[in-house]
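Colleague: Got a sequence here, can you build the structure:
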Amino acid sequence: MFAAVMLDPQNCQELLELILNIPISRVKVDAEKSLVYDPRYRGIRMDVYVKDENNTCFDVEMQVRTDSIEKRSRYYHSHMDMEALQRGLEYELLPDSYVIFICDFDPVGAGKYVYTEGRYYLEAPEYPVQDGHHTIFLSTCGENKEEVPAPLVRFLEFVKADLPESEKDFGDAFIGRLQDSIRHIRTSREMGEHYMWLELALRDERIAGRAEGRAEGKAEGREEGKAEGKAEGKAEAVLELLSDLGEVPESWKGRI
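Modeller: Now for the predicted structure:
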């Protein structure tokens, strides 16, 4: 539902401005964006991937998993960097990136609504690391209302609310717009189908992940030789087809 609601650029832009407390220029939203750069390594699927006019990248995630959240954010940053910097471009062109996790738990345990990751040099703590990486964890379990802007607290309370409570009047125009978007998704056939498709995709992914974990140990030894032979045959067929079109670079051959 979060991804579907954030497909509306206005909703997404206002949420980013609320969290970051800075003006955001026109945004382009890509919900449920997958990034897989090499089948040998783990890919990611981001809830909401956003770029603004300055090519700044934002990944906004609803998080219910409590494990390895800091390392997960680090891995998301690495994939966003690969997406943002094309071959041949200078490092200075790498845009700023934000990974924002909205958690229904306290990821640090200090009772805060907002945790902003900050890095500095141990030998010179007055000099922050300025590499353009920004990581923010929001928690619906915060206890420091007096330290956080009231609109952000209301938003996190809205996120935390169960279904009946989420329909109440929060006295906030932004939350009211989110409520209208949710009602529209539930009543719109097109959006409803899209929302159901996302739910089914996530469910299938969870089921496949559990099944893969159970089967991996049993099948690894038995299937390794068979799969390797099939893969080699397919790779040779692909290379043969490509060679008919022209010379195949060595780097392509290795990847195929």
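
Colleague: where do the strands sit along the stretch 1-150 of the chain?
Modeller: Using DSSP state E, counting those that start in this stretch, the strands of the stretch 1-150 of the chain run over 27-35, 44-52, 57-63, 97-103, 114-116, 120-121, 124-128, 133-139.

Colleague: and the angle for the last one with strand 97-103?
Modeller: Here strand 133-139 points in a direction 10 degrees away from that of strand 97-103 (axes from the mean of the first three to the mean of the last three Cα atoms, to 10 degrees).

Colleague: beta partners for Thr116?
Modeller: Listed by DSSP bridges, the beta-bridge partners for Thr116 are Ile136.

Colleague: what pLDDT does it get?
Modeller: We have a pLDDT of 96 for Thr116.

Colleague: Start at 16, not 1
Modeller: New numbering, starting at 16: the last item is Thr131.

Colleague: And for it, the neighbour number?
Modeller: 11 (other Cβ atoms under 10 Å). All C-beta atoms are positioned from the backbone trio N, CA, C, and that covers glycine.

Colleague: Which residues are in contact with it?
Modeller: By Cβ atoms under 8 Å, 6 or more residues apart in numbering, the contact set of Thr131 is His149, Thr150, Ile151.

Colleague: now do 10 Å
Modeller: With contact set as Cβ atoms under 10 Å, 6 or more residues apart in numbering, Thr131 has these partners: Leu35, His149, Thr150, Ile151, Phe152, Leu153.

Colleague: same check, this time on Arg55
Modeller: Arg270 are the contacts of Arg55 under Cβ under 10 Å, 6+ apart.

Colleague: ok, it to His94 distance?
Modeller: With distances taken as Cβ to Cβ, to the nearest Å, Arg55 is found 14 Å from His94.

Colleague: Kindly report the same for Pro143.
Modeller: For Pro143, the distance to His94 - Cβ to Cβ - is 24 Å.
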